[in-house]
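Student: Quick one: sequence and predicted model below, then my questions.
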Amino acid sequence: MNNHDTNDTNDAYDATFFRAWLGRAAEAVDREADRLTELDSAIGDADHGSNLKRGFAAVTATLDKEAPATPGAVLVAAGRQLISTVGGASGPLYGTLLRRTGKALGDEERVSRAALAEALRTGVAAVSQLGGAQVGDKTMLDALVPAAEALGTSFEAAREAAEAGALATVPLRARKGRASYLGERSVGHQDPGATSSALLVGALAEVAA
Ligand code: ADP
Ligand code: MG
């Protein structure tokens, strides 16, 4: 009975679960910040780790203070915080992801994994619309799109899909964001945003397990 992953029909996930997810995500970002910045120094401007570290620290501080009562409100508050604290491209993009996913969840007090998967697909589509990127452009969407799809199956499948999507950015040539200025020279490096997306989805799978 300890496997939320098999809990398809019950509305299993409340605001506390979502706060735990973002807390775990903040820890992962903190732990991996140097690696994210290293990846961004190869094909960007070496600030992805520090950007997200600052953003997620602000997210946890806000959630501790406000303690929003519903899953949707947690994600909306977190997204708003990312937009206002992260200057780089990733702030508005991740902020939009969380805000739009939160809005799509509505004001239910508990949501199912299936409902979260559907809301996440809405959030991911908003990221694609905001940044004009698609799968294969070597961005966070290479991890997020397959993860949102696989979340329809299980949290663990989503984690694996995000991880595989991030690894699959290595041979790609960047077509969006700062890395696209490098053209062919962006080939052979893992995208920082796809890597941080895999961390966020990994944190979700961890708290669900
Ligand atoms: P910046 O590029 O402004 O320095 P960050 O370093 O924090 O911002 O984030 C870089 C990451 O943002 C990239 O690795 C990529 O995954 C993601 N990214 C950049 N532009 C886009 C876009 N148009 N659509 C989706 N993701 C993008
Ligand atoms: Mg950068």
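Tutor: Looks like it came in fine. Residues are numbered from 1 along each chain as shown. Ligands and ions are numbered 1, 2, ... in the order given.
Student: Helix, strand, or coil at whichever residue of the chain sits closest to ligand 1?
Tutor: Nearest to ligand 1, among the residues of the chain, is Gly193, at 1.9 Å (Cβ to the nearest ligand atom). Every C-beta, even on glycine, is put in place using the N, C-alpha and C of the backbone. Following DSSP: H, G, I helix; E, B strand; the rest coil, we place Gly193 in the helix state.
Student: thought it was touching Met140?
Tutor: Yes: assessed by Cβ atoms under 8 Å, Gly193 is found in contact with Met140 at 3.6 Å.
Student: Could you pull out the residues contacting both of these two?
Tutor: Listed contacts common to Gly193 and Met140 are 90, 93; contacts here mean Cβ atoms under 8 Å, 6 or more residues apart in numbering.
Student: Can you name the residues of this structure that neighbour ligand 1?
Tutor: 40, 44-45, 47-48, 51, 88-90, 93, 131-133, 139-141, 176-178, 191-194 (Cβ under 6 Å from any ligand atom).
Student: 8 Å - rerun?
Tutor: Taking Cβ under 8 Å from any ligand atom as the criterion, the chain approaches ligand 1 at residues 39-40, 43-45, 47-48, 51-52, 86-91, 93, 127-128, 130-133, 137-142, 176-179, 191-197.
Student: In helices, which of these appear?
Tutor: Of the positions in these, 39-40, 43, 48, 51-52, 90-91, 93, 127-128, 130-131, 141-142, 192-197 sit in helices, assigned by DSSP state H.
Student: Can you turn the buried part of those into a PyMOL selection?
Tutor: Remark: buried members of these, expressed as a PyMOL selection using 16 or more other Cβ atoms under 10 Å:
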select buried, resi 39+40+43+48+51+52+90+91+93+127+128+131+141+142+192+193+194+195+196+197
